[in-house]
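**Q** Predicted model follows, preceded by the sequence.
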Amino acid sequence: MLKREEKEHKITILLISTNKHKVEEINNITARYGVIVVPANIRKMEIQSDNLVEIALMAARSAYSSLRKPLIVEDAGLFIKELNGFPGPYSSYVYRTIGCKGILKLLEGIKRRDAYFKSVIVYKDESYEMVFEGLTEGEIAYDIRGSGGFGFDPIFIPKGYNKTFAEMSLEEKNRLSHRGKAVKKFIEWFIENRKHAFK
Ligand code: ITT
């Protein structure tokens, strides 16, 4: 447990993202530890790769070389087993082009609907480059349900539940989600190993 005065001393870390939902989800966890992520006003470098870790690492290195301040990059994707992991690292493009409806169409008549969300966080400062991962298994719904969250949330049902992420509160999604898991790993490491450097 953190002491009150520790909570009040806020540490700021840059987040290389334009996705405001991510900022909200990440802060909902890190703020409890006295750490706030603030979107950086910089273009995120997105290399083309099948590997989320590689994509996030390259983006973090590129942003760090111009900003020279402690930062994180978070990259996530939805991997559908029947589609051999598609859209995976291409989730952003696929969401913008065919969206949730398009995914449901691709899975029309298909019973095997297991999928997982994966999140990769890269933290970088002058001494450390660290990678944290989170994964949540589930399945693709038969229709679009709920208005919360973002992206593919309305079609993803986490294992053991019958609601989509979009039918959950931000707190409930965070308790189960790929991002929530990766953020918890990151913040616990940060508090243990790096917090002292920010005093
Ligand atoms: P930044 O790269 O600027 O951080 P982005 O929205 O492009 O934002 P990602 O590349 O990490 O983020 O995510 C790719 C897509 O995957 C994203 O656009 C969503 O459609 C989907 N996605 C990621 N995380 C998700 C989540 O928690 N719930 C639903 N969809 C998600």
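**A** Nice, I can see it. Computed from a predicted structure; not experimentally measured. Numbering: from 1, shown residues only.
**Q** So which residues on the protein come close to the ligand?
**A** 17-19, 22, 44, 75-78, 91-92, 95, 117, 149-153, 165, 177, 179 (Cβ under 6 Å from any ligand atom). Placement of C-beta: from N, CA and C, glycine included.
**Q** Put the alpha carbons of stretch 128-136 into CSV.
**A** Only the C-alpha atoms of stretch 128-136 are listed here, as CSV (Å, rounded to 0.1, in the frame of the first residue of the first chain):
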residue,chain,number,x,y,z
TYR,A,128,15.8,1.0,-19.2
GLU,A,129,13.9,-0.6,-22.1
MET,A,130,11.4,-3.0,-20.8
VAL,A,131,8.6,-5.0,-22.4
PHE,A,132,5.4,-6.1,-20.6
GLU,A,133,2.7,-8.3,-22.2
GLY,A,134,-1.0,-9.1,-21.4
LEU,A,135,-3.3,-11.6,-23.0
THR,A,136,-7.0,-12.2,-22.7
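**Q** Any buried residues in stretch 150-165, and which?
**A** 151-158, 164-165 (16 or more other Cβ atoms under 10 Å).
**Q** typo on my end, it should be stretch 170-182
**A** For stretch 170-182, the neighbour count (16+ other Cβ under 10 Å) marks 170, 172-174, 176-182 as buried.
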